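>>> Test case, fold it:
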Amino acid sequence: MKFRSSPDSVTSQPPRVTAPKRFSVRVAEWLLDSPRLGDSQNAKHLAGRLLKQPAREGVVVAQSRLGQLMCRECGNARDRRIGQDLLRQAARAGDRRAQQELGLIED
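A predicted model of the protein is given here:
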């Protein structure tokens, strides 16, 4: 028995959509920028967790916001160093917020 092969357009998977990555960054930004939620430690913790993976994947906005969060909110030197590294990466990519934050830290 011979099976018909389906055309490549049917069997091939569509290109991977980056919507979840963008969504998590937008939710994290909303949490951090919200006047009522932005001061909550739980909201900051959740925002940090949402920003972590996109920052690792090179999303400049996520690197910048996570770097700022780590430099301002973390109590230990290791986390502040990681935050500064993220800010440097974002600043090299042209992010103005990261460049300003680095200027404040290094002065």
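>>> Look up the pLDDT of Val27 for me, please.
Predicted confidence (pLDDT) for Val27: 92.
>>> For it, list the residues it contacts.
47, 50 (CB atoms under 8 Å, 6 or more residues apart in numbering). Heads up, the C-betas are built off the backbone N, CA and C, glycines and all.
>>> same thing but 6 Å
Neighbouring residues of Val27 by CB atoms under 6 Å, 6 or more residues apart in numbering: Leu50.
>>> how close does it sit to Ala98?
20 Å (CB to CB, to the nearest Å).
>>> And Lys44, by the same measure?
18 Å.
>>> With Arg88 instead?
8 Å.
>>> what about the two, which has more around it?
Ala98 (24 against 16; other CB atoms under 10 Å).
>>> quick one, phi psi at Asp85?
phi -60, psi -40 (degrees, to the nearest 10).
>>> where do the helices sit along the chain?
Along the chain, counting by DSSP state H, helices occupy 8-11, 19-33, 41-56, 60-73, 77-92, 96-106.
>>> most tightly surrounded among those helices?
helix 60-73 (a mean of 22; mean count of other CB atoms under 10 Å).
>>> Only C-alpha atoms, please: export that one in PDB.
Presented in PDB, the C-alpha positions along helix 60-73 are these (Å, rounded to 0.1, in the frame of the first residue of the first chain):
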ATOM      1  CA  VAL A  60      17.500  44.500  25.400                       C
ATOM      2  CA  VAL A  61      14.500  45.900  27.300                       C
ATOM      3  CA  ALA A  62      14.400  42.800  29.600                       C
ATOM      4  CA  GLN A  63      18.200  43.200  30.200                       C
ATOM      5  CA  SER A  64      17.800  46.800  31.100                       C
ATOM      6  CA  ARG A  65      14.800  46.400  33.400                       C
ATOM      7  CA  LEU A  66      16.200  43.300  35.200                       C
ATOM      8  CA  GLY A  67      19.600  45.000  35.600                       C
ATOM      9  CA  GLN A  68      17.900  48.000  37.200                       C
ATOM     10  CA  LEU A  69      15.900  45.900  39.400                       C
ATOM     11  CA  MET A  70      18.900  43.800  40.600                       C
ATOM     12  CA  CYS A  71      21.100  46.800  41.200                       C
ATOM     13  CA  ARG A  72      18.500  48.700  43.200                       C
ATOM     14  CA  GLU A  73      16.700  45.900  45.100                       C
END
